[in-house]
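Q: Give me a model of this one.
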Amino acid sequence: MSYTGRCACGAITLEITGEPVATRQCWCRQCQQIAAGGPTQNAIFKGDDVAIAGAPASSQWTAASGNTLTFHFCPSCGTQVFGQSSARPHLKTVRFGVIDEPHGLKPEMIIWTDDAPEWAQIDPALESWPQQPPAPPPSAN
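A: From the prediction side, this is the model:
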């Protein structure tokens, strides 16, 4: 399956040619800050499967995991497009919101639940981790 996507203003577009290796909802404090208080919803793809057109801006911070997170966003509209961890530079973590509907993706795991506010709705049917989970398994190629 393939996916397409774009930022809110259309200056950044994506062509994704593979399936995600994982999908996650993240409640870390940094994700809450960039998501206006809630979690981020993310699909993790092999980096080679994600083609970006346009010129995203980027910023970095040291995540609670200790890894450097580089997040890429549209400099015109501010839409978060994808992130990359220094621990997994071969992967791109794409925000669900930039993937064109209907994409059919949903979180399979919830991470950083220790950082979630007490009002957060954590789906008990999903695997959850209080902090950083192990890396997704390598995909066969």
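Q: Next, work out how far apart S85 and G104 are.
A: Distance of S85 to G104, computed by CB to CB, to the nearest Å: 25 Å. Any C-beta I mention is one placed from the backbone N, CA and C, and that applies to glycine too.
Q: Please identify which of these two sits among more neighbours.
A: S85 (18 against 8; other CB atoms under 10 Å).
Q: Could I get the phi/psi values of the more buried one?
A: Main-chain torsions, S85, degrees, to the nearest 10: phi -100, psi 140.
Q: By average pLDDT, which secondary structure element in the protein comes out worst?
A: Lowest by mean pLDDT, DSSP states H and E among the helices and strands of the chain is helix 29-34, with a mean of 89.
Q: Give the other helices and strands that it contacts.
A: On a contact count with 3 or more CB pairs under 8 Å, 6 or more residues apart in numbering; DSSP states H and E, helix 29-34 meets no helix or strand.
Q: Of all the residues in it, which ones are buried?
A: Of all the residues in helix 29-34, those buried under the rule 16 or more other CB atoms under 10 Å are 30-32.
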